[in-house]
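Chemist: Return atomic coordinates for the entry below.
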Amino acid sequence: MTATTSPGGTAKLAGREVARIGYGVMQLGRPGTDRADQVKLLREANQAGVNHLDTAQFYSDGRCNDLIREAFSPYPDDLVVVTKVGAEESPQGLRLAQQPEQLRAQVEANLASLGVERLDVVNLRRADAGPGLIAEGDQLVDIDDQLAELISLREAGKIGSLGLSNVSADQLRHALEAGIVCVQNSYNVLARATEPVLELCREHEIAWVPYFPLGSAFELGQDVTGNPVVTGIAAELGATPAQVALAWLLQRYAGTLLIAGTATPAHLAENLAAGQVQLPAEAVAALDRLG
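Modeler: Now for the predicted structure:
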């Protein structure tokens, strides 16, 4: 990586220093996107200081992983690629895959598509509640059974570290002894139902990776960038509403890592520049009151 600065500063992820503004690549694999342009965008992000990528085999049936492999293999030593298991693509669309043997198959699929012998970090995406798919029937699996399978894969050298996604504070507390290094939960300035999980991450110095940082299509009333308080602060600071929302997340906890996604160079630049936005105390207080 040729960048001399890290967007948003740095924090620890699985014992490694990463830029606090990373890149969620889910949008890159969608139909209609140009492969060469997306590979170029990944490399530009890395050159700008991004060394934390969030991906999954079930993002566009492995196309996102393929793009990462084309852009970076052989991978730079400082690049941390975080994958996720708990769902899979099917002819009918995305479906849950929570059973231990399904998790193992997903780990193997991620290894193959990324072209690596070990995955840096694997997040277990639980499905006890929304947003998104909710487990029922044979997809209702005890978290201990899932963790046992992933720990076995870690001991075999196929996984470096374990994280969790879409979990409650009780679930995180229960899983701490497994050596959890990060948690991905839905969280933004307007929607903070998972605040207790953030507090537990802070207590145990676990990386906090909020997804839907600008709102969720699953929840009405989460148009963060259209909120008048957010837009007003953005106008005062000469920033965009998205940058204000991301800057608020960064100041919330020193262990916060952002993975805002995009498929365009302009939005990538906007997201990275959020790390330079300094929110005055009165702006932080106004944003805090939104929750």
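
Chemist: Going by secondary structure, the residue found closest to Gly291 once you drop the neighbours it is linked to in the chain is in what exactly?
Modeler: Leaving out its chain neighbours, the residue that sits closest to Gly291 by C-beta to C-beta, 6 or more residues apart in numbering is Arg192, at 4.3 Å. From N, CA and C alone the C-beta is placed, and that goes for glycine too. Here Arg192 sits in a region with no helix or strand, counting by DSSP states H and E.

Chemist: Compute the number of surrounding residues for Arg192.
Modeler: Residues lying near Arg192 (other C-beta atoms under 10 Å) number 16.

Chemist: do the same with Leu42
Modeler: Under the neighbour criterion other C-beta under 10 Å, Leu42 is assigned a count of 22.

Chemist: now the residue nearest in space to the middle of the chain: how far from Ala19?
Modeler: The chain has Ile259 as the residue nearest its centroid, 4.7 Å off, counting by C-alpha atoms, centre = their mean. With the distance defined as C-beta to C-beta, to the nearest Å, Ile259 ends up 11 Å from Ala19.

Chemist: Likewise for Ala135?
Modeler: Ala135 sits 34 Å away from Ala19, taking C-beta to C-beta as the criterion.

Chemist: Please say which of these two ends up with more neighbours.
Modeler: More crowded of Ala135 and Ala19, by other C-beta under 10 Å: Ala19, with 29 against 15.

Chemist: okay, the nearest residue to the more buried one once chain neighbours are set aside: pLDDT?
Modeler: Using C-beta to C-beta, 6+ apart and skipping the chain neighbours, the partner closest in space to Ala19 is Ser6 (3.8 Å). On the pLDDT scale, Ser6 is placed at 96.

Chemist: where does the chain dip in pLDDT?
Modeler: The chain contains residues with pLDDT under 70 at 1-4, 217-221.

Chemist: ok, now which residue in it is the farthest from the centroid?
Modeler: Glu236 (29.3 Å).

Chemist: what sits against it?
Modeler: Shown in contact with Glu236 (C-beta atoms under 8 Å, 6 or more residues apart in numbering): Ala283.

Chemist: and what of the one 3 residues further on?
Modeler: Residues in contact with Ala239 (C-beta under 8 Å, 6+ apart) are 233, 247, 274, 277.

Chemist: Glu270 now?
Modeler: 240, 242-243.

Chemist: so it, which of the three states?
Modeler: Here Glu270 is recorded as helix under DSSP: H, G, I helix; E, B strand; the rest coil.

Chemist: Against Leu246, how distant is it?
Modeler: 9 Å.

Chemist: mind listing which of the contacts of Glu270 are in helices?
Modeler: 242-243 (DSSP state H).

Chemist: Output stretch 222-230 as PDB, restricted to C-alpha atoms.
Modeler: C-alpha atoms of stretch 222-230 as PDB (Å, rounded to 0.1, in the frame of the first residue of the first chain):
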ATOM      1  CA  GLN A 222     -34.000   5.800   8.900                       C
ATOM      2  CA  ASP A 223     -33.200   8.300   6.200                       C
ATOM      3  CA  VAL A 224     -30.100   9.600   8.000                       C
ATOM      4  CA  THR A 225     -28.900  11.900   5.200                       C
ATOM      5  CA  GLY A 226     -32.300  13.500   5.000                       C
ATOM      6  CA  ASN A 227     -32.700  14.300   8.700                       C
ATOM      7  CA  PRO A 228     -32.900  18.000   9.200                       C
ATOM      8  CA  VAL A 229     -30.500  18.000  12.100                       C
ATOM      9  CA  VAL A 230     -27.900  16.100  10.100                       C
END
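
Chemist: quick one: that stretch to chain centroid distance?
Modeler: Computed by C-alpha atoms, centre = their mean, to the nearest Å, the chain-centroid distance of stretch 222-230 equals 21 Å.
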